[in-house]
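1. I would like the atomic coordinates for the input below:
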Amino acid sequence: MFVPGLNAEAQRAALAAGPDALVADLEEFTAPADRPAARERIVALFDECRAQGVVAATRINKLEDCGLEDLAGVMPGAPDAVFLPHAESAEQIAALDRAITAHETALRLPLGSTEIVPTLESALGVVRALAILSASPRVSSCLLAAEDLSANLGAERAPDGIELHALRARFLVDCVAADCVAIDCPFNFRDSAALEADLRWARRLGLKSKCATFAGQIETIHAVFTPAPDEVARATATVAGYEAERRGEAPAAGAAPIDPPVYNTARRLLARHAAFEQWTAQAPVRTLKGDAA
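-> A predicted model of the protein is given here:
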């Protein structure tokens, strides 16, 4: 969930909506004149996030703009993750890694404890995704943008999202190849039915994490991405039935044979459910390794 860097009211409203990770934005959502004060506010916000078991993150500006000043201002709060906008090269990630390492050393923070989350916002960033994701061990997740990427492509945006489907699928492949969590682009329309349809398409594709800019979307994102009890029950029965067939046991009366794709999908759903159970049981200090919104 992205929130403005200086607006404490919006930040607390977002926290109350129940996100898994909160990203205080110093780029688009914070005016340049407000950034010095926002950096101080974000340090305090990190403590509020951790008190609620929420990943504490921030998005800085590009390093060649005021990103280094942003980083210096927020690192005393020990962010869990730093989002870098407009990532287009491995060199940008390596430069941010070096800057973070210097701050961790000076502040006596655990080395390597701050993750880097590149944001891909252009065609060039997308085609260089593997190099970007492999540029630093701090990178374990990546965000795909929506509006700037669409502008770069000249795409026409609509609630059905067709214009970005191919890129979202490609983005997932690159992230899986790099062993990174793919954070799907935000849905920037106030259309609840279209949001749910978009989420169900994303889930079927294999995406497991979603960016949000509207707090009201978080409940729907969690509802669609989290396996429901009846889904878990059906998947459990499917796995048990298929494995019984493989052992040569007679199927239950009237039961149809279970096809391998159905069995494998059920197994993945149960693995997803187990991951959520583990997430829930974890201590308040989180990482971005897992399904999130």
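
2. For the lengthiest helix in the chain, list every residue counted as buried.
-> Determined from DSSP state H, the single longest helix within the chain is helix 260-281. By 16 or more other C-beta atoms under 10 Å, the buried positions in helix 260-281 come out as 263, 266, 269-270, 272-273, 276. (Glycine included, C-beta is placed from N, CA and C.)

3. Same check on stretch 228-243?
-> Those would be 232, 235, 238-239, 241-242, for stretch 228-243 by 16+ other C-beta under 10 Å.

4. quick one: contacts of that stretch?
-> Residues from elsewhere that reach stretch 228-243 (C-beta atoms under 8 Å, 6 or more residues apart in numbering): 227, 251-252, 255, 258, 260, 262-263, 265-267, 269-270, 273.

5. show me where the stretch 101-250 of the chain has strands.
-> Per DSSP state E, counting those that start in this stretch, the stretch 101-250 of the chain carries strands over the ranges 115-120, 141-144, 181-184, 209-210.

6. Pretty sure residue 150 sits against residue 161.
-> No: under the criterion of C-beta atoms under 8 Å, residue 150 is not in contact with residue 161, lying 10.2 Å apart.

7. Alpha carbons only: can I get stretch 242-256 in CSV?
-> Only the C-alpha atoms of stretch 242-256 are listed here, as CSV (Å, rounded to 0.1, in the frame of the first residue of the first chain):
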residue,chain,number,x,y,z
TYR,A,242,-5.8,-38.1,-6.7
GLU,A,243,-3.2,-39.7,-4.5
ALA,A,244,-5.6,-42.5,-3.5
GLU,A,245,-6.1,-43.1,-7.3
ARG,A,246,-2.4,-43.3,-7.7
ARG,A,247,-2.2,-45.9,-5.0
GLY,A,248,-4.7,-48.0,-6.8
GLU,A,249,-7.6,-47.4,-4.4
ALA,A,250,-11.1,-47.4,-5.8
PRO,A,251,-12.7,-43.9,-6.1
ALA,A,252,-15.7,-42.9,-4.0
ALA,A,253,-19.0,-43.8,-5.6
GLY,A,254,-19.9,-41.4,-8.4
ALA,A,255,-16.5,-39.6,-8.2
ALA,A,256,-15.0,-38.6,-11.5
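
8. Need the phi and psi values for residue 97.
-> phi -60, psi -50 (degrees, to the nearest 10).

9. Great, nothing more from me.
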